[in-house]
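J.: pasting the structure only:
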């Protein structure tokens, strides 16, 4: 019997060892209690692989979002298991986003690394659930798809194939969507080449970069800058 290629074996092992999923998905609400009025925006935070939702709280994201934008926050334990069994989008829609829609004027998703692709997957399938997306060092799909967009001369010139793979479908959606997308990443990030491809397709004021690698030490100051520069998150005057 031929031996499995290491990439396939590694993927199978990752799926087999994925954390167990739950219904409903685990969430941790953080209301902006310092504000007298109900905030008009909910910010939903999706973690990277190996993290859980409350890692955002431990790294100060929740406190910063309250202080700078006055938004309500919910962190979600959207771990790799939900990607492995392909239930992430449904769980976010049914357990988090649809129930919150009647209480907020805006719902924004923020995803770091794996959480970035989770935010895009969810917004592509449930566009009425999501009013905006903040991506920090996101995973953006397979290298072959990134290369195809690059070789076409960028997202505007890229023509999606007739039969779309999962990540090609996301890039096709980003090519046509009106949903605001903001992108922030470190210039030494291992995914910076892919990030630059998406950055070239976004308005210049929707892209933030800083020196740094794929680490919280890079992501935290970038998040501070996003809070300063994303006008849609600012509380109404």
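T.: Sure, I can see it. Here the structure is a predicted model, which is why all the values come from computation and not from measurement.

J.: Can you check what pLDDT the model gives residue 20?
T.: On pLDDT, residue 20 comes in at 88.

J.: Same check on residue 186?
T.: So residue 186 comes in at 98 (pLDDT).

J.: Now do the buried residues in the longest helix seen in the chain.
T.: When the chain is parsed with DSSP state H, its longest helix is helix 216-229. Neighbour-count burial for helix 216-229, counted by 16 or more other CB atoms under 10 Å, picks out 216, 218-219, 222-223, 226-227. C-beta coordinates here come from the backbone N, C-alpha and C atoms, glycine included.

J.: Same check on stretch 170-184?
T.: The neighbour-count check on stretch 170-184 (16+ other CB under 10 Å) flags 170-175, 179-184 as buried.

J.: Equivalent analysis for stretch 141-149, please.
T.: Quick answer for stretch 141-149 (16+ other CB under 10 Å): 141, 145-146, 148-149.

J.: Any chance of a markdown table for these, columns distance to residue 126, secondary structure and pLDDT?
T.: Shown next, in a markdown table, are the buried residues of stretch 141-149 (distance: CB to CB, whole Å; DSSP: H, G, I helix; E, B strand; the rest coil; pLDDT from 0 to 100):
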| residue | distance to residue 126 | secondary structure | pLDDT |
| --- | --- | --- | --- |
| 141 | 19 | coil | 95 |
| 145 | 22 | helix | 97 |
| 146 | 25 | helix | 97 |
| 148 | 26 | helix | 97 |
| 149 | 24 | helix | 98 |
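
J.: quick one: which of those residues is nearest residue 55?
T.: Proximity of these to residue 55 (CB to CB) peaks at residue 141, which lies at 23.6 Å.

J.: Chain neighbours aside, what residue packs nearest to the closest one?
T.: Closest residue to residue 141 apart from its sequence neighbours, by CB to CB, 6 or more residues apart in numbering: residue 167 at 2.9 Å.

J.: Equivalent analysis for residue 164, please.
T.: Residue 164 sits nearest to residue 172 (CB to CB, 6+ apart), 6.3 Å away.

J.: Verify the contact between the one you found and residue 166 for me.
T.: No - with contact defined as CB atoms under 8 Å, residue 172 does not count as touching residue 166 (10.9 Å).

J.: roughly how far out does stretch 208-218 sit from the chain middle?
T.: Chain-centre distance of stretch 208-218: 16 Å, with CA atoms, centre = their mean, to the nearest Å.

J.: Let's see the distance spanning it from one end to the other.
T.: Criterion CA to CA, to the nearest Å; first-to-last residue distance in stretch 208-218 is 12 Å.

J.: what is the mean pLDDT for that stretch?
T.: Regarding stretch 208-218, the rounded mean pLDDT is 98.

J.: Mind listing what's buried along the host helix or strand of residue 29?
T.: Residue 29 belongs to strand 27-30 when elements are defined using DSSP states H and E. By neighbour count with 16+ other CB under 10 Å, strand 27-30 contains the buried residues 27-28, 30.

J.: same thing with stretch 88-108?
T.: Neighbour-count burial for stretch 88-108, counted by 16+ other CB under 10 Å, picks out 88-89, 91-93, 95-97, 100, 104, 107-108.

J.: Return the subset of the residues you listed lying in strands.
T.: Judged by DSSP state E, strands contain the following of those: 107-108.

J.: Looking at the buried residues of stretch 88-108, which is nearest residue 78?
T.: Closest approach to residue 78 among the buried residues of stretch 88-108 (CB to CB): residue 88, at 6.0 Å.

J.: Perfect, that will be all.
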